[in-house]
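Novice: need a structure here:
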Amino acid sequence: MKVCEVCGLPEELCVCEEIAREIQKVKVFTVRRRFGKLMTIIEGIDEHDIDIRELTKELKNRCACGGTAKKGQIELQGDHKRRVKQVLADLGFSTDEIEIR
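Specialist: The predicted structure follows:
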């Protein structure tokens, strides 16, 4: 049986990622890219504590859009600021720590 190095619990019971989600300061904003397309950028998520690829996959699925994770931030195609905040709250992130610009 493997034990988590941080919390000392078995990996099946490890709560490190859930705790990390609650303390993340996440910024959500849009930028205009080539040809006038909007991109929603989510940054401030620590890649060491949270699986950013899995989170990107879940956000793309729930927002019904394309996107990618690179340089420690998530990029989604289109303007999804409000929906992203709701999805992140559903996934355990604190709504007080999610800043929408």
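Novice: in which helix or strand would I find the residue nearest to the spatial centre of the chain?
Specialist: Closest residue to the average C-alpha location of the chain: residue 55 at 5.2 Å, with CA atoms, centre = their mean. In this structure, residue 55 is located in helix 52-63 according to DSSP states H and E.
Novice: ok, for residue 18, nearest residue in space, not its chain neighbours?
Specialist: residue 92 (5.8 Å; CB to CB, 6 or more residues apart in numbering). Where you see a C-beta, it was placed from the backbone N, CA and C, and this is true even at glycine.
Novice: same thing with residue 95?
Specialist: Take residue 95 and drop its neighbours on the chain: the residue closest to it by CB to CB, 6+ apart is residue 89, 4.9 Å away.
Novice: sticking with that neighbour, tell me its helix or strand.
Specialist: Assigned by DSSP H and E, residue 89 falls in helix 81-90.
Novice: can you name the next helix or strand after that helix?
Specialist: strand 98-100.
Novice: what pairs with that next one, and is each one parallel or antiparallel?
Specialist: Sheet pairing here is set by DSSP bridges, and for strand 98-100 it gives strand 26-32 (parallel).
Novice: just the CA coordinates for the strand it pairs with, please, in CSV.
Specialist: Extracted in CSV, the C-alpha atoms of strand 26-32 (Å, rounded to 0.1, in the frame of the first residue of the first chain):
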residue,chain,number,x,y,z
VAL,A,26,-7.4,31.4,-9.9
LYS,A,27,-7.7,34.2,-12.5
VAL,A,28,-10.1,33.9,-15.4
PHE,A,29,-10.1,36.4,-18.3
THR,A,30,-10.5,36.6,-22.1
VAL,A,31,-8.0,37.8,-24.7
ARG,A,32,-8.5,38.4,-28.4
